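In: Sequence and predicted model, in that order:
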Amino acid sequence: MKQQSLASQGVFEKYGRKSRRELFLEEMERVVPWSALESLVRPHYAKGGNGRQPVGLSIMLRTYFVQQWFNLSDPGVEEALYESAALRRFVGVDLGVAPAPDETTACRFRHLLEKHDLGGLMLEAVNVHLEARGIRIATGTIVDATIIHAPSSTKNQSGERDPEMHQTRKGNQWYFGLKAHIGVDSKEGVVHSVCTSAASVADKHMLPDLLHGEERKVWGDGGYQGQTEAIHEAAPHAQDMTCRRTKFKNYVDEEAKRKNTTKSKVRAKVEHVFRILKRVFGFDKVRYRGIAKNHHRLCANFALINLYLHRKRLAVLGA
């Protein structure tokens with residue numbers, strides 16, 4: 001057999017460059033408010049006693065975020081930590097001292113966060129962190145919703161589809177899963193509110209829960225038209241800027257069509273958020289059964305999306 005060099009064994013490497021994954025992790029290392037987020041979890045995290053010592057909170061929180069960024073399951077993140085030296089460096093795992101967190105440990109940590117509803121608190125903490133650096137939630141909100149697919153197969157232990165998920169039709173296509181409803185700041189693109197429902201729930205029903213109450217303008221697509229009264233109840237001073245119907249039986253309302261085009265230029269900011277959620281973080285299909293677990297994951301994802309969207313500004317500000 002050919003003798004391996006020290007470089008092939010990872011002891012010494014003469015050549016190399018940073019991968020996109022390493023560059024991404026370096027960016028997020030600088031912009032995530034680690035101390036604030038760890039302080040949310042610490043009161044609920046296991047304390048070291050006389051028995052087996054728990055894995056460090058910092059390691060587990062970083063492992064959880066790696067799962068969100070790279071769409072990894074509990075077994076998947078354990079395997080990824082053993083495969084990737086870049087992930088181990090980011091998480092803080094030294095295989096010469098201790099093993100990487102196993103899938104059971106990752107699962108228990110996730111259940112801990114879900115039990116105490118820490119996903120929503122993470123979103124609030126991140127938004128406070130952004131506001132302290134001048135990225136504030138202003139007086140305009142864009143509301144929208146997206147469908148997240150769920151497995152429609154009944155080939156599982158229960159022999160049925162997830163009872164909390166439902167199907168809906170969009171155009172001529174049917175979708176089964178849940179719907180993520182969000183409220184996004186119209187100036188900075190910061191997600192400030194999240195609601196989760198079955199896919200069959202109409203967008204307009206979640207509208208009041210997506211407003212913070214201080215809005216002056218509320219933008220939305222045609223699914224929210226006719227909700228002026230509901231908007232005023234949640235935000236008394238808000239102007240209804242949702243898109244209107246333009247096609248009628250005998251004519252097309254060109255004036256409403258022109259206004260819709262102008263409104264859509266503002267409303268487009270919400271699509272950037274969904275693009276990151278589905279295309280960058282890979283959350284286009286649910287991993288867990290039930291609305292509650294997936295709502296928690298969505299809150300954590302949108303907290304990280306807010307940081308990702310403003311990572312360059314935060315890096316300049318020395319976040």
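Out: Arrived safely, thanks for sending. Note that the structure is predicted; figures quoted are calculated from it, not measured.

In: My read is that Asp203 contacts Gln225, right?
Out: No. Checked against CB atoms under 8 Å, the pair Asp203 and Gln225 is beyond contact range at 10.4 Å. Backbone N, C-alpha and C define where each C-beta goes, glycine included.

In: More neighbours: which of the two?
Out: Remark: of Asp203 and Gln225, Asp203 carries more neighbours, 20 against 14, as counted by other CB atoms under 10 Å.

In: Spatially nearest residue to the more buried one, not counting backbone neighbours?
Out: Leaving aside its sequence neighbours, Asp203 sits nearest to Gly223 (CB to CB, 6 or more residues apart in numbering; 4.0 Å).

In: for that neighbour, helix, strand, or coil?
Out: helix (DSSP: H, G, I helix; E, B strand; the rest coil).

In: okay but it is in contact with Met206, surely?
Out: No. Gly223 lies out of contact with Met206 (CB under 8 Å); the separation is 10.4 Å.

In: Those two: which is more packed in?
Out: A count of neighbours by other CB under 10 Å puts Met206 above the other of Gly223 and Met206, at 22 against 16.

In: number of nearby residues for Gly48?
Out: Neighbour number of Gly48 under other CB under 10 Å is 9.

In: my guess is it is in a strand, correct?
Out: No. Assignment of Gly48 by three-state DSSP gives coil, placing it outside any strand.

In: Touching, it and Pro54? I think so.
Out: Yes. Look at Gly48 against Pro54 with CB under 8 Å: they come within range, at 6.2 Å.

In: Now do the buried residues in the longest helix that the chain contains.
Out: Assignment by DSSP state H gives helix 291-309 as the longest helix of the chain. Going by neighbour count (16 or more other CB atoms under 10 Å), the buried part of helix 291-309 is 291, 293-309.

In: just the CA coordinates of it, formatted as PDB?
Out: Output of helix 291-309 as PDB, limited to C-alpha atoms (Å, rounded to 0.1, in the frame of the first residue of the first chain):
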ATOM      1  CA  ILE A 291     -47.700  22.500  14.400                       C
ATOM      2  CA  ALA A 292     -46.000  23.300  17.800                       C
ATOM      3  CA  LYS A 293     -42.600  21.800  17.000                       C
ATOM      4  CA  ASN A 294     -42.500  23.300  13.500                       C
ATOM      5  CA  HIS A 295     -43.600  26.700  14.900                       C
ATOM      6  CA  HIS A 296     -40.700  26.600  17.300                       C
ATOM      7  CA  ARG A 297     -38.300  25.800  14.400                       C
ATOM      8  CA  LEU A 298     -39.700  28.600  12.300                       C
ATOM      9  CA  CYS A 299     -39.200  31.200  15.100                       C
ATOM     10  CA  ALA A 300     -35.600  30.100  15.500                       C
ATOM     11  CA  ASN A 301     -35.000  30.200  11.700                       C
ATOM     12  CA  PHE A 302     -36.500  33.600  11.400                       C
ATOM     13  CA  ALA A 303     -34.300  34.900  14.200                       C
ATOM     14  CA  LEU A 304     -31.200  33.600  12.300                       C
ATOM     15  CA  ILE A 305     -32.600  35.000   9.000                       C
ATOM     16  CA  ASN A 306     -32.800  38.500  10.600                       C
ATOM     17  CA  LEU A 307     -29.100  38.100  11.400                       C
ATOM     18  CA  TYR A 308     -28.200  36.700   8.000                       C
ATOM     19  CA  LEU A 309     -30.000  39.500   6.200                       C
END
